[in-house]
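In: model this:
(one chain, ligands or ions: 2)
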Amino acid sequence: MTRIAVIGGGRIGEALIAGLLEAGYAVRDLVVAEKFESRAAELASTFGVLTTTIAEASENADVIVLAVKPGDVDGALTEVAKTDLDGEREQLIVSLAAGVPTSKFESKLPAGFPVVRVMPNTPMLVGEGVSVLAPGKYAKTEHLELVRTILSTVGKVVTVKENQLDAVTAVSGSGPAYFFLVVEAMIDAGVGLGLTREVASALVVQTMVGSGAMLDRSDETPAELRYAVTSPGGTTAAAVRKLEENGLRAAFFDALDAAKARAAEMGVTAE
Ligand SMILES: NC(=O)C1=CN([C@@H]2O[C@H](COP(=O)(O)OP(=O)(O)OC[C@H]3O[C@@H](n4cnc5c(N)ncnc54)[C@H](O)[C@@H]3O)[C@@H](O)[C@H]2O)C=CC1
Ligand SMILES: O=C(O)[C@@H]1CCC=N1
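Out: Ligands and ions are numbered 1, 2, ... in the order given. Below is the predicted model:
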């Protein structure tokens, strides 16, 4: 099997490790380099995964996944680049860092080294992620296919041109947070109407799970599914009117603009 080194065992690194293991990936083919010893020990005990230095992890891996914060990419990449990357093994770097362009990696790696940039999201923890791939200058079809094969075990995979990845980050990379915020708001509103938090949480969570399953399985658009809930002159119409009056749609347009702009900014500051 393809040997994968995960550099950075934080939230997304852990989601990837957990998702791969859950999907049946062999633990002996995974290795993690995590800066904080206590965090490395936690990952080793939770997943039984080998933890080591960046140098050792990178040298023995087919695919080196960088899952550190954009501001830590430079330091981690410097460590990776010190190892004997252009040995016999055909290796590939996969970056999960928001905003950081593939050119940044290519400039620090041996000439022609393949890089694939990916924007994943945390639902990959439960095999329901979406990973969006963009090839760097030297990544060939077989590199993209390898990354697609690995990430399709933890969810859906889409490929775009790199100039769309900041928009993708705003939509699906950060998307789970918007969803959780909406869930929180609905639970609070239910509590405001007199339901216990326990009941309100159970109702909202199952409403989201059920609605998500409908979106996944139905050929109807989200608008058509919404129309089916909205009786003329009824309760849903009254609620939707308030959401629109309060600028729900405009808030999402603004929010995603801000996320995209922030991704671009982080790419520049990581230079
Ligand atoms: N959290 C999310 O939902 C998503 C995060 N991302 C991207 O994934 C990357 C990681 O994000 P998170 O996991 O949320 O951050 P995090 O802060 O939870 O994890 C980063 C981990 O990298 C470790 N680290 C930093 N420098 C290191 C080094 N030189 N060697 C070894 N380990 C090192 C840190 O100790 C930390 O545990 C970021 O670039 C982010 O843009 C992408 C999509 C979604
Ligand atoms: O908030 C962030 O910067 C990262 C990138 C996408 C999701 N989380």
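
In: neighbouring contacts of the host helix or strand of residue 178?
Out: Assigned by DSSP states H and E, residue 178 falls within helix 175-192. For helix 175-192, contacts defined as C-beta atoms under 8 Å, 6 or more residues apart in numbering pick out 121-123, 197, 199-201, 203-205, 207-208, 252, 255. Heads up, the C-betas are built off the backbone N, CA and C, glycines and all.

In: Give the PyMOL command for selecting the buried subset of the residues you listed.
Out: In PyMOL syntax, the buried subset of the contacts of helix 175-192 is picked out as below (16 or more other C-beta atoms under 10 Å):
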select buried, resi 121+122+123+200+201+204
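
In: Could you export the contacts of helix 175-192 as TSV, including pLDDT and secondary structure?
Out: Formatted as TSV, the contacts of helix 175-192 follow (pLDDT from 0 to 100; DSSP: H, G, I helix; E, B strand; the rest coil):
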residue	pLDDT	secondary structure
121	97	coil
122	96	helix
123	96	helix
197	98	helix
199	98	helix
200	98	helix
201	98	helix
203	98	helix
204	98	helix
205	98	helix
207	98	helix
208	98	helix
252	98	helix
255	98	helix
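
In: Show me what residue 92 is bridged to.
Out: Residue 92 forms beta bridges with residue 63, as assigned by DSSP bridges.

In: Contacts only, for it.
Out: So residue 92 contacts 62-64, 114-116, 139, 143, 146-147 (C-beta under 8 Å, 6+ apart).

In: filter these to the buried ones?
Out: Buried members of the contacts of residue 92, counted by 16+ other C-beta under 10 Å: 62-64, 114-116, 139, 143, 146-147.

In: Considering those residues, which is situated nearest to residue 6?
Out: Taking C-beta to C-beta as the measure, residue 64 is the one of those closest to residue 6, at 8.5 Å.

In: how far away is the closest one from residue 94?
Out: 7 Å (C-beta to C-beta, to the nearest Å).

In: Figure out the helix or strand that residue 258 lives in.
Out: Residue 258 belongs to helix 248-269 when assigned by DSSP H and E.

In: Quick one: work out the angle between that helix and helix 175-192.
Out: Computed by axes from the mean of the first three to the mean of the last three C-alpha atoms, to 10 degrees, the angle separating helix 248-269 from helix 175-192 equals 140 degrees.
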